[in-house]
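*Asks:* need a 3D model of the sequence below.
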Amino acid sequence: MVRLPLTPAEVERGQRLGALLRRARGCRSMLDVALASHISPETLRKIESGRVATPAFPTIAAIADTLGLSLDAVWAEISQPERTEDQSVLSVARHALLVS
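*Replies:* Purely as a prediction, here's the structure:
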């Protein structure tokens, strides 16, 4: 099976996802979050670094659950054009408050 190359938009969205997950992880270690999400630390590292721009849905769902993020908030964050980090953190926090 031939995998099509990622578009620039997909690569950028993967980078935004990685940045969001790094911020949400905060001071928790990558190992702790990976183990709690039932994924390998290497997989989490690749997602956070943007090297895996289109991770599988169950993987993102598991990480989001571990970090206390709703999938709606994750999608809203990564599907937006580039924003400042402060705007991104506020957006996710605001969405989490509305959902809970």
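*Asks:* distance of the residue most central in space within the chain relative to residue 2?
*Replies:* Centroid-nearest residue in the chain, with C-alpha atoms, centre = their mean: residue 17, separated by 3.6 Å. Residue 17 sits at a distance of 24 Å from residue 2 (criterion: C-beta to C-beta, to the nearest Å). For every residue, glycine as well, the C-beta is placed using N, CA and C.
*Asks:* and if you look at residue 77?
*Replies:* 31 Å.
*Asks:* quick one, which of those two is more surrounded?
*Replies:* More neighbours surround residue 77 than the other of residue 77 and residue 2, with 23 against 3 (other C-beta atoms under 10 Å).
*Asks:* could you find the closest non-adjacent residue to that one?
*Replies:* residue 20 (5.2 Å; C-beta to C-beta, 6 or more residues apart in numbering).
*Asks:* hey, C-alpha coordinates of the longest helix seen in the chain in CSV?
*Replies:* If you go by DSSP state H, the chain has its longest helix at helix 8-25. These are the backbone C-alpha positions of helix 8-25, laid out as CSV (Å, rounded to 0.1, in the frame of the first residue of the first chain):
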residue,chain,number,x,y,z
PRO,A,8,1.4,21.2,4.3
ALA,A,9,-1.9,21.8,6.1
GLU,A,10,-1.7,18.3,7.6
VAL,A,11,1.9,18.8,8.7
GLU,A,12,1.0,22.2,10.3
ARG,A,13,-2.1,20.6,12.1
GLY,A,14,0.2,17.8,13.4
GLN,A,15,2.6,20.5,14.8
ARG,A,16,-0.3,22.3,16.5
LEU,A,17,-1.4,19.0,18.0
GLY,A,18,2.0,18.3,19.4
ALA,A,19,2.3,21.7,20.9
LEU,A,20,-1.1,21.4,22.5
LEU,A,21,-0.3,18.1,24.0
ARG,A,22,3.1,19.3,25.3
ARG,A,23,1.4,22.3,27.0
ALA,A,24,-1.4,20.1,28.4
ARG,A,25,1.1,17.7,29.8
